[in-house]
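# Here is the input, now give the coordinates:
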Amino acid sequence: MKFYTRKLIKPGDLNARNSLFGGALLKWIDEEAGIYAMTKLDTQSVVTKYISEIDFVSSAKQGDVIEIGLAFLKIGRTSITFKCEVRNIFTKKTIISIDNIVFVNVNSEEKPIPHNKTLENLT
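Next comes the predicted model:
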């Protein structure tokens, strides 16, 4: 797993219990995974198709620095799948894990189309 993005937890990222708001974290994950899918498939025409069960393992507090890690799992005809882990950069404690995030290559009508990538020619 490679960790790409780091985020500082700020007051605006917190929920009513003063821990990281899960919705903010999921937004960051979806954005980072989308960018990763774009770079792997050499296109900006990808959309999130599926996110598997999300396991909130521990929380993050204001001032914590987290990092988002992604690992390639598989390639389909129109899709690409990753797994994700978010952890505290200093303690390495896992905050969230997601087994599958699937992105699909789409045309201008938002219909799935082949991306013409294989394991051998992924960038």
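# Can you show me the strands along the protein?
Assigned by DSSP state E, the strands in the chain fall at 2-8, 46-51, 54-56, 65-75, 79-88, 94-105.
# what sits opposite Ile68 in the beta ladder?
Thr5, Val86 (DSSP bridges).
# Walk me through the regions of the chain where pLDDT falls short of the threshold, as ranges.
The model of the chain has pLDDT under 70 over residues 123.
# Now do the contacts for Leu20.
Ile9, Asp13, Leu14, Ser59, Ala60, Lys61, Asp64, Ile66, Ile95 (Cβ atoms under 8 Å, 6 or more residues apart in numbering). In this view, the C-beta of every residue, glycine as well, is placed from N, C-alpha and C.
# go on, Asn18?
Applying Cβ under 8 Å, 6+ apart, the residues contacting Asn18 are Lys61, Gln62.
# just Glu53 next, same as before
Taking Cβ under 8 Å, 6+ apart as the criterion, Glu53 is in contact with Ile98, Asp99.
# Could you report the separation of it from Thr91?
Per Cβ to Cβ, to the nearest Å, Glu53 is found 24 Å from Thr91.
# and if you look at Asp55?
Asp55 is 18 Å from Thr91, by Cβ to Cβ.
# go on, Ala16?
With distances taken as Cβ to Cβ, Ala16 is found 24 Å from Thr91.
# the more surrounded of those two?
Thr91 (10 against 6; other Cβ atoms under 10 Å).
# CA atoms only: put stretch 100-109 into PDB for me.
What follows is stretch 100-109, C-alpha atoms only, in PDB (Å, rounded to 0.1, in the frame of the first residue of the first chain):
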ATOM      1  CA  ASN A 100     -13.000  -2.300  -2.300                       C
ATOM      2  CA  ILE A 101     -13.400   1.000  -4.100                       C
ATOM      3  CA  VAL A 102     -14.500   0.500  -7.700                       C
ATOM      4  CA  PHE A 103     -14.300   3.200 -10.400                       C
ATOM      5  CA  VAL A 104     -15.800   2.900 -13.800                       C
ATOM      6  CA  ASN A 105     -14.600   4.500 -17.100                       C
ATOM      7  CA  VAL A 106     -17.600   6.300 -18.700                       C
ATOM      8  CA  ASN A 107     -18.500   8.100 -21.900                       C
ATOM      9  CA  SER A 108     -20.200  11.600 -22.100                       C
ATOM     10  CA  GLU A 109     -23.600  10.000 -21.400                       C
END
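# Right, I'll leave it there.
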